[in-house]
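> show me the folded form of this:
(2 chains)
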Amino acid sequence: MKQQTGLTFKQRNKLNTVYLAKWTLAWVLTLALASFGPLLLWDEQNTLLSIVAIMVNVFAGIMMIMANKRHLAGLDELQQRLHLNAMAITLGGSLVFGLAYSVLQTSGVISFRQGISHLVMFMGITYLVSVVVMNKQLGAEDEE
Amino acid sequence: MKNRLKVLRAEHDLTQAKLAELLDVSRQTVNAIEKGKFDPSLPLAFKAARLFKLKIEDIFQDEEV
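Now for the predicted structure:
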């Protein structure tokens, strides 16, 4: 049984994953260009080039979001549920632990300053661990 | 919810991967349904019923009944 596109679930999923990987790579590279370009490639005073680099990065980011949306829509119902739960844990964890850390910092309990990069790392690791743990719980990775 | 998916699959000499392809889902989903760890949506249950030429209730049963 094949969908109207003529592709099987596995083939569609693979195509969507490759499409997402391409736009994610484009976003990462353009982010690096926007971040390090003013230091290594052009004069820091040249704000026009910096603005263009940021605009290209935002465009790649929007395309990455659309590719992620397409990837999620192409998953089956079990996988969609897994990712929905992982997103809920990631969003909740980032909010709760991010704000708790911020309060600890402002109240002077800890002095280490966290940046946006720490939050991105926390979100990435939380999402990854959530997906792996839920896969294990459902036995979704067991062999037949 | 109990189901007879594993028995029906064996009767039709299908692998999990082949059944997954026929139902347009991942093999992991077929595995989770067979083990009773995941209850399929109504459209997926209808698709399985059509595939095996059975009624939904012949494949999936409410455990409280």
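
> strands of chain B, start to end?
For chain B, strands defined by DSSP state E occupy the ranges B:2-3, B:60-61.

> columns mean neighbour count and distance to chain A on top of those strands, output as CSV?
Bear in mind the C-beta positions are built from the backbone N, C-alpha and C, glycine included. CSV is the format used below for the strands of chain B (neighbours: other CB atoms under 10 Å in any protein chain shown; distance: least, CB to the nearest CB, whole Å):
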stretch, mean neighbour count, distance to chain A
strand B:2-3, 15, 14
strand B:60-61, 16, 15
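
> how about CSV for these, with distance to A:T90 added?
Output for the strands of chain B, formatted as CSV (distance: least, CB to CB, whole Å):
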stretch, distance to A:T90
strand B:2-3, 32
strand B:60-61, 32
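
> as a markdown table, those strands with mean pLDDT and distance to A:Q105 would be great.
Formatted as a markdown table, the strands of chain B follow (pLDDT from 0 to 100; distance: least, CB to CB, whole Å):
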| stretch | mean pLDDT | distance to A:Q105 |
| --- | --- | --- |
| strand B:2-3 | 91 | 52 |
| strand B:60-61 | 92 | 53 |
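
> could you pull up phi and psi at A:I110?
phi -130, psi 150 (degrees, to the nearest 10).

> just the pLDDT for it.
pLDDT recorded at A:I110 is 84.

> what's downstream of the helix or strand containing A:A67, the next helix or strand?
Assigned by DSSP states H and E, A:A67 belongs to helix A:47-74. With elements assigned by DSSP H and E, the helix or strand that comes after helix A:47-74 is helix A:77-106.

> in that next one, which residues are buried?
Neighbour counts over helix A:77-106 (16 or more other CB atoms under 10 Å in any protein chain shown) mark A:77-79, A:82-83, A:86-87, A:89-90, A:93-94, A:101 as buried.

> just stretch B:2-11 next, same as before
For stretch B:2-11, burial by neighbour count (16+ other CB under 10 Å) applies to B:3-6, B:8-9.

> which members of those residues occur in helices, if any?
B:5-6, B:8-9 (DSSP state H).

> can you redo the buried residues of stretch B:2-11 as JSON lines with distance to A:F36?
Formatted as JSON lines, the buried residues of stretch B:2-11 follow (distance: CB to CB, whole Å):
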{"residue": "B:N3", "distance to A:F36": "55"}
{"residue": "B:R4", "distance to A:F36": "59"}
{"residue": "B:L5", "distance to A:F36": "54"}
{"residue": "B:K6", "distance to A:F36": "55"}
{"residue": "B:L8", "distance to A:F36": "58"}
{"residue": "B:R9", "distance to A:F36": "54"}
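
> and which of these is nearest A:W27?
Using CB to CB, B:L5 is the member of the buried residues of stretch B:2-11 that lies nearest A:W27, at 40.5 Å.

> which residue packs closest to the closest one, ignoring adjacent ones?
Nearest residue to B:L5, sequence neighbours excluded (CB to CB, 6 or more residues apart in numbering or on different chains): B:E34, at 5.1 Å.

> alright, I will stop here.
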